[in-house]
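In: A predicted structure for the sequence below; I have some questions about it.
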Amino acid sequence: MSSFSGLTNALAALNAQRYGLDVTGQNISNASTPGYTRQRAEFGEVAPAAGVPSLYATQRGASGVTVTGTTRMNDPVLDSRVRAEHGKNGQTQTAATALSGVETLIDEPSDNGLAAQLSDFWKSWSAMANNPGGDANGLSARNVVLQKGATVAASLNATSGALDRLTQSASDQLNQTVVDVNDAANSLAKLNGAIAVASATGAPTNALADQRDALLLQLADNAGATASLAGDGQVTVTLGGQTLVNGTTATAVAVTSAHQLTVGGAAAGPAGGAAQGLVDAISTVLPGYSAQLDSVAAALSSTVNGAMAAGYDLAGNAGTPFFSGTTAGTISVALSDPTKLAASGVAGGNLDASNASAVANFGTLAGGADGVYQSFVSGLASSVQSASQQATVQSSVTASVDAQAQSVSGVSLDEETTSLLTFQRSYQAASRVLTTVDDTLDTLINRTGRVGL
Amino acid sequence: MRVTEGSAVYSSLAGLQSTASRLAALQSQLSSGRQITKPSDSPTGTSQALGLRAELTRVDQYGNNATDAIGWMTTTDSTLSSAVTQLQSVRSLVLQGLNTAMGTPTSNNALAQQVDQLRASMLSLSNATYQGRPIFGGTTAGAVAFDSTGNYVGDTGTVTRTVGPSTTVDINNSGTDVFGPDGGNVFSVLSDISAKLRSDPSTLTSSLQDLDTAMTRMSSQQALSGAVYQRVQVAQTVNATNTLQLKSQLSNLQDIDLASMAVQVSTADAAYQASLATTAKIRQTSLLDYLR
C-alpha cells in the first residue's frame, strides 16, 4: 500500500462528489424542461486490483470511489404505456371534436333550428288552406308558403355546405398531421444514428434519449405509432403494422385519395392517434351525417312534390313539383308563382283546400322529413354524448399515466436539494481526508528523526 | 408514489380544469335558462323537445284555424238570422196580400214592390262574404254564390278547417242547402209571391207553404251551423289546454330549475375556489426554506 494512496483516494472522492454536484445541478436546471428525464450519478467503490500475491497483501487498502455512469431515471414499460394511452387519447379526442363540430351545425332544440323551420313550413300550408284564393289575403298566404319552403331549403343547403367544409378541414388537418408524422419519423431516424454513434463511443446519450422519447410521444399522439427499443438505444417504430422507422431509415407516410394512410405505399392498418380519428371522421362519420341530411331533403322533396302532383293549382291545372333537387346541398324551391301552389284537391279552378290541409299534416307523416330529421338529431346527440364521455375518460386515463411517468422521471427539488447537501458534505469530508493525509505525511517527512531536538 | 413538483402541478391543474369546466357548464345552463343547450346534453330530452315543439306549432295553427272557422261561422250565423227575419217580413206581407177584403190593386202593388226589395236584399245576403269569399258558394273561385237571377253559381265543394289532430270540420253551408235548389229556391218563391201579389193575391196560399218550407230549411241550416260552431269551440278549449300542457312539459324538459341550479352553481363555485386556493398553496415551501 502506497504512502500516497490516501491522497489519490481523497482526490477520487473530490472528483466524484463534484460530478454528483454537476448532475444535481443539471437536474435542478431542467426541473421544468418538458420531456426532461432526471438523471442520477452512479458511484462505485473501486476494487483493489486483483494482483499477484504479495508479502504485503494482507492489508487490503481502500481504493476510493469512481463514477460508473449517469442513469436516466425512466421506466421503459411505463413509457410504452404512456405512448399507448396517448395514441388512444389522440384518436378519441379527435373523434369527439369532429362530432361536436357536426353538433354545432345543428341548432337544436331551438326556435330557429331546422325542426322549427319545418314546423313553420307545414303551418304555412295550413294558413294557405284557410285562404287559398287569388285575392290579396290568399296570395300573401301562398307567398308565405313559398318563403317558408325557401327557408327550409336554404337551411338544408347551409348545413350541407358546412358539413362539406368540416370534411375539407378534417382532410387538411389529416394532411398536416401526416407532414408532422413524416418530420418526426425523419428526426427519429437521424437520432437513431446519433444514439448508435454516441453509445459506440461511450458518449452520453441521455439528452438524445430524451429527444427520442419526446418524438415517440408525438408520433403516438399523432398516429398511434408503437416503438420497440433495442439494447443500443435505437428504436424501431411501427405504424399500423408497417415499419415507419428502422435504424436510420424513415419510410414516408402518405394519405391516399380514399383517405387511407400508407407507409411507403403499403396500406397501414388502423393504429390510433389523431390521424385515425381524422380518417374515421372523413371516411365514415361526416359522410354518414351528410347522407342522413340528404335523406331529410329527399323525404321532404318526395312527400311535398308527391302531394303537389296530386293537387291542382289556382288555375285548375295539375300541380308541378314544389322542390327541385333531392339532396341537402341541391334542394331548392322550384316554384316562383304563388298561384302555382296546388292547394286544391279537386280539378277545375276552385278554392278547395283539401290538398293544402293534407300537406299541413305532413309534420306527423311516417317517414316524413320531420321524423327523419329528428332521428338524425337524436342519433347525432347520442354519438356526441358517448364520444365526449369516452374522450373524458381517455383523457383522465392519459393524465394518470402521465402523472405516473412524471413521478418516476420528474425532478423533485427536495430530493435534489438533499443530494446537493450530501455531495457538498461529502466533498468537505473528502477535503478533510486530504488535509489529514497531508498532515500525517507532514509528520512523517518533516518531523521524523527530530526526537529530542 | 414519488411526488415531484411536476406531478403535483399536473394533478392540481387537472383538478382545476375539471372544476372550472363543471362550473362553466352550469353557468352556461344558468345564463341560457336551458338544461339542454345542445343535443348531446340530453339525447332523449332533445328528441322529446323536438316532438313537443312541433306539436306546439301544430296546436298553435289549430288555434288559428279555429279562430278563422269561428269568424266564418259567425258571419254565416248572422247572415242566416237576417235572412230568416226577412222571410218573416215577407210572410207578413203575404198574409196582408191574402187579406183580399182590404186589398186594392195599388196596395197589392206596393206589397209586391216591398217583396221585390226583400228579394234583392235576400240575394245580397246569399252572397255574403267572409274575407272576400262568398260563404254559401262552396269552393267557388267566383265572387258570388248566386247570380242576379237567383241561380246558384257556386259548387258543391266543402270548406273545411282542421281544428285539432284528426278533427276536421266542414264550416260552410252550401247555397242550395240554405236557399233551396235552383227552380224551387227562395228567390223563385219570392219572385212568385211578387208576381201573384200583382196578378191574383188569392193564389198566395200555396206560396205561404213554400215560404214556410224555405224558412224551415234555413233554420235547420242555422242549427246545423250552430252545432259545428260548438264543436269548434270545444276544439278551441282543448287546444288551449293542450298548449298549456305542452308548454309545461317542454319547460320541464328544457328549462332549468332555478333554485336547484343556483345551489349547484354555488357548490361548483366553492369547489373551484377551493382548488384555486390549494393550487396557490402547492409547494410554496421546500427544503430550501429551511437550509441556510
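Out: Nice, I can see it.
In: which residues in the stretch 101-250 of chain B form helices?
Out: Counting by DSSP state H, counting those that start in this stretch, residue ranges of the helices within the stretch 101-250 of chain B are B:105-126, B:175-179, B:186-199, B:204-254.
In: most packed of those?
Out: Of all the helices of the stretch 101-250 of chain B, helix B:175-179 has the most neighbours on average by mean count of other CB atoms under 10 Å in any protein chain shown, namely a mean of 24. C-betas here are computed from N, CA, C, even on glycine.
In: the longest helix that chain B contains near chain A at all?
Out: Selection of the longest helix in chain B by residue count, based on DSSP state H, yields helix B:43-98. Yes. Residues of helix B:43-98 contacting chain A under CB under 8 Å from any CB of the partner chain: B:43-44, B:46-47, B:49-51, B:53-54, B:57-58, B:60-61, B:64-65, B:68.
In: these: which two are farthest apart?
Out: Taking CB to CB as the measure, those span a maximum distance of 38.1 Å, between B:P43 and B:D68.
In: contacting residues for A:G329?
Out: A:L156, A:N157, A:S160, A:G161, A:D164, A:D294 (CB atoms under 8 Å, 6 or more residues apart in numbering or on different chains).
In: if we can go back for a sec, of the residues of helix B:43-98 next to chain A, buried ones?
Out: B:43, B:46-47, B:49-51, B:53-54, B:57-58, B:60-61, B:64-65, B:68 (16 or more other CB atoms under 10 Å in any protein chain shown).
In: nearest to chain B: which residue in the stretch 201-350 of chain A?
Out: Closest contact between the stretch 201-350 of chain A and chain B, by CB to the nearest CB, is at A:N350 (4.4 Å).
In: residues from the stretch 301-450 of chain A in reach of chain B?
Out: Those residues of the stretch 301-450 of chain A that sit near chain B, judged by CB under 8 Å from any CB, are A:314, A:344, A:346, A:349-354, A:357, A:360-361, A:363-364, A:370, A:374, A:377-378, A:380-382, A:384-385, A:388, A:396, A:399, A:402-404, A:406-408, A:410-414, A:417-418, A:421.
In: pLDDT weak spots in chain B?
Out: Chain B contains residues with pLDDT under 70 at B:101, B:283.
In: nearest to A:A299, out of the helices of the stretch 101-250 of chain B?
Out: Within these, the stretch nearest A:A299 is helix B:204-254; the backing value is 24.6 Å (CB to CB).
In: which helices and strands does the closest one pack with?
Out: With contacts defined as 3 or more CB pairs under 8 Å, 6 or more residues apart in numbering or on different chains; DSSP states H and E, helix B:204-254 has these neighbours: helix B:43-98, strand B:160-164, strand B:167-170, helix B:175-179, helix B:186-199.
In: of the ones you listed, which is nearest A:T256?
Out: Of all those, the one in closest proximity to A:T256, counting by CB to CB, is helix B:43-98 (34.5 Å).
In: run through the neighbouring helices and strands of the closest one.
Out: For helix B:43-98, the contact count by 3+ CB pairs under 8 Å, 6+ apart identifies helix A:114-130, helix A:369-409, helix B:105-126, strand B:129-130, strand B:160-164, helix B:186-199, helix B:204-254 as packing neighbours.
In: run the last query once more with 6 Å
Out: Counting contacts by 3 or more CB pairs under 6 Å, 6 or more residues apart in numbering or on different chains; DSSP states H and E, helix B:43-98 packs against helix A:114-130, helix A:369-409, helix B:105-126, strand B:160-164, helix B:204-254.
In: next, format those as JSON lines and append distance to B:F136.
Out: Output for the helices and strands packed on helix B:43-98, formatted as JSON lines (distance: least, CB to CB, whole Å):
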{"stretch": "helix A:114-130", "distance to B:F136": "18"}
{"stretch": "helix A:369-409", "distance to B:F136": "38"}
{"stretch": "helix B:105-126", "distance to B:F136": "6"}
{"stretch": "strand B:160-164", "distance to B:F136": "16"}
{"stretch": "helix B:204-254", "distance to B:F136": "10"}
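In: now the longest helix of chain B against helix A:114-130, angle please.
Out: Angle, helix B:43-98 to helix A:114-130, by axes from the mean of the first three to the mean of the last three CA atoms, to 10 degrees: 10 degrees.
In: before we move on, back to that, quick one: closest of the helices of the stretch 101-250 of chain B to B:Q27.
Out: helix B:204-254 (17.1 Å).
In: pull up the residues of the stretch 101-250 of chain A that are close to chain B.
Out: Taking CB under 6 Å from any CB of the partner chain as the criterion, the neighbours of chain B within the stretch 101-250 of chain A are A:E103, A:E108, A:P109, A:A115, A:S119, A:K123, A:S126, A:N130, A:D135, A:N137.
In: for the one helix or strand B:Q273 maps to, packing partners?
Out: When secondary structure is defined using DSSP states H and E, the element that contains B:Q273 is helix B:258-281. In terms of contact count using 3+ CB pairs under 6 Å, 6+ apart, helix B:258-281 is assigned the packing partners helix B:5-32.
In: and the helix it packs on, how far out from the chain's middle?
Out: Here the centre of mass of C-alpha atoms in helix B:5-32, compared against the chain's by CA atoms, centre = their mean, to the nearest Å, lies 50 Å away.
In: the inter-axis angle of that helix versus helix B:258-281?
Out: The directions of helix B:5-32 and helix B:258-281 differ by 160 degrees, with the same axes, to 10 degrees as the criterion.
In: run the contact check for helix B:5-32 versus chain A.
Out: Yes. Figure legend: helix B:5-32 in contact with chain A (CB under 6 Å from any CB); contacting residues B:E5, B:G6, B:S7, B:Y10, B:S11, B:A14.
In: what angle do that helix and helix A:369-409 make?
Out: Going by the same axes, to 10 degrees, helix B:5-32 makes 160 degrees with helix A:369-409.
In: now do the SS call for residue 37.
Out: Just going to use chain A. In terms of secondary structure, A:T37 is coil; the call rests on DSSP: H, G, I helix; E, B strand; the rest coil.
In: oops, wrong one, chain B.
Out: Using three-state DSSP, the secondary structure recorded for B:T37 is coil.
In: can you give me the neighbour number for it?
Out: By other CB atoms under 10 Å in any protein chain shown, the residues close to B:T37 number 17.
In: any idea how many residues pack against the residue nearest to it when sequence neighbours are not counted?
Out: Setting aside the residues directly before and after it, B:T37 is nearest to B:S28 in space (CB to CB, 6 or more residues apart in numbering or on different chains), at 6.0 Å. Per other CB under 10 Å, the neighbour tally for B:S28 reads 13.
In: do A:T249 as well
Out: A:T249: 14 surrounding residues under other CB under 10 Å.
In: what helix or strand is the closest residue to it other than its chain neighbours on?
Out: In space, A:T249 comes closest to A:A189 once its chain neighbours are excluded; the distance is 6.0 Å by CB to CB, 6+ apart. Element membership of A:A189, judged by DSSP H and E, is helix A:136-201.
In: what residues sit buried inside the helix or strand following that helix?
Out: Scanning forward in sequence from helix A:136-201 by DSSP H and E, the next helix or strand is helix A:206-223. When neighbours are counted by 16+ other CB under 10 Å, the buried residues of helix A:206-223 are found to be A:206, A:208-213, A:215-223.
In: before we move on, the earlier item: C-alpha coordinates for the helix holding B:Q273, PDB please?
Out: C-alpha atoms of helix B:258-281 as PDB (Å, rounded to 0.1, in the frame of the first residue of the first chain):
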ATOM      1  CA  LEU B 258     -83.600  27.900 -10.900                       C
ATOM      2  CA  ALA B 259     -83.300  27.100  -7.200                       C
ATOM      3  CA  SER B 260     -81.500  23.800  -7.600                       C
ATOM      4  CA  MET B 261     -79.300  25.300 -10.300                       C
ATOM      5  CA  ALA B 262     -78.400  28.200  -8.100                       C
ATOM      6  CA  VAL B 263     -77.300  25.700  -5.300                       C
ATOM      7  CA  GLN B 264     -75.400  23.600  -7.800                       C
ATOM      8  CA  VAL B 265     -73.600  26.700  -9.200                       C
ATOM      9  CA  SER B 266     -72.600  27.900  -5.700                       C
ATOM     10  CA  THR B 267     -71.400  24.400  -4.800                       C
ATOM     11  CA  ALA B 268     -69.300  24.300  -8.000                       C
ATOM     12  CA  ASP B 269     -68.000  27.800  -7.400                       C
ATOM     13  CA  ALA B 270     -67.000  26.800  -3.900                       C
ATOM     14  CA  ALA B 271     -65.200  23.700  -5.300                       C
ATOM     15  CA  TYR B 272     -63.500  25.900  -7.800                       C
ATOM     16  CA  GLN B 273     -62.300  28.400  -5.200                       C
ATOM     17  CA  ALA B 274     -61.100  25.600  -3.000                       C
ATOM     18  CA  SER B 275     -59.000  24.100  -5.800                       C
ATOM     19  CA  LEU B 276     -57.700  27.600  -6.700                       C
ATOM     20  CA  ALA B 277     -56.700  28.100  -3.100                       C
ATOM     21  CA  THR B 278     -54.900  24.700  -2.900                       C
ATOM     22  CA  THR B 279     -53.200  25.200  -6.200                       C
ATOM     23  CA  ALA B 280     -51.900  28.600  -5.000                       C
ATOM     24  CA  LYS B 281     -50.500  26.800  -1.900                       C
END
